[in-house]
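> Take this sequence and fold it.
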Amino acid sequence: MFYRDERLALFIDGSNLYAASKSLGFDIDYKLLRAEFMRRGRMLRAFYYTALLENDDYSPIRPLVDWLNYNGFTMVTKPAKEFTDSMGRRKIKGNMDIELAVDAMELAPHVDHMVIFSGDGDFRPLVEALQRKGVRVSVVSTIRSQPPMIADELRRQCDNFIELDDLREVIGRPQREPRVEEPADLVPQDD
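Down below sits the predicted model:
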């Protein structure tokens with residue numbers, strides 16, 4: 001439940017939201033996402049959290065990060081840590097939970113409602129602390145994926161659970177039709 005006069009802040013766990021939308025088979029249009037929540041209340045901030053590989057010449061997430069930064073999102077990034085696991089596989093670690101939690105607690109006195117885009121159960125104590133400060137907390141994730149992308153304890157703690165799949169028509173990128181090339185012999189020719 002949203003109230004049009006309430007002060008609202010969004011906290012987007014970038015990797016978690018990406019994984020949830022991919023598991024449902026759609027991409028997020030962040031311009032539509034921002035517009036949807038501006039419609040629901042007086043949005044003060046929209047934070048987006050992600051770790052970046054600093055040593056790569058090109059990061060596939062860099063264009064998104066740059067676009068978000070220029071289009072009304074507060075970007076919170078840090079370098080991802082790269083390591084090799086015991087099986088010799090390259091692994092990347094870049095958890096942003098603490099940064100999100102600190103920002104949420106600092107902003108709590110200035111907002112009425114926070115929306116956390118993550119299903120990570122580690123956020124349950126944060127949600128509880130925010131509620132003790134009088135902030136209503138909605139969580140956006142999905143139970144429709146296999147396995148569900150939201151921890152049960154987080155879903156139980158929040159004031160309002162928003163199923164990501166229910167937002168597909170509002171914030172999802174339109175699917176592009178694949179281009180079908182006509183065989184040259186079927187294309188009419190001018191003689």
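
> Tell me where the model's unsure across this protein.
The chain contains residues with pLDDT under 70 at 55-58, 175-191.

> Swap in 90 and give it another go.
Scanning the chain for pLDDT under 90 picks out 1-4, 52-63, 79-95, 173-191.

> can you pull out the helices in it?
For the chain, helices defined by DSSP state H occupy the ranges 14-24, 30-40, 62-70, 97-107, 124-132, 152-157, 168-171.

> Just put these in CSV and tack on mean neighbour count.
Any C-beta I mention is one placed from the backbone N, CA and C, and that applies to glycine too. As requested, those are exported to CSV (neighbours: other Cβ atoms under 10 Å):
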stretch, mean neighbour count
helix 14-24, 20
helix 30-40, 16
helix 62-70, 14
helix 97-107, 16
helix 124-132, 17
helix 152-157, 16
helix 168-171, 14
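
> Serialize those to a markdown table and add fields for distance to Val139.
Converted to a markdown table, the helices of the chain look like this (distance: least, Cβ to Cβ, whole Å):
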| stretch | distance to Val139 |
| --- | --- |
| helix 14-24 | 11 |
| helix 30-40 | 14 |
| helix 62-70 | 21 |
| helix 97-107 | 12 |
| helix 124-132 | 7 |
| helix 152-157 | 6 |
| helix 168-171 | 15 |
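
> closest one to Asp85 among those?
Proximity to Asp85 (Cβ to Cβ) singles out helix 14-24 among the helices of the chain, at 18.2 Å.

> Identify all contacting residues around that closest one.
Contacts to helix 14-24, defined as Cβ atoms under 8 Å, 6 or more residues apart in numbering, come from residues 27-28, 48-51, 61, 94, 96, 117-120, 140-142, 144-146, 149, 164-165, 168, 172.

> now do stretch 34-47
Contacting residues not belonging to stretch 34-47 are listed as 2-12, 71-76, 100, 103, 107, 110-113, 115, 167, 170-171 [Cβ under 8 Å, 6+ apart].

> And the buried ones among the residues you listed, selectable in PyMOL?
Only the buried entries of these go into this PyMOL selection, using 16 or more other Cβ atoms under 10 Å:
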select buried, resi 2+7+8+9+10+11+12+73+74+75+76+100+103+107+111+112+113+115+167+171
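
> Out of the helices of the chain, the one nearest Arg90 is which?
helix 14-24 (16.7 Å).
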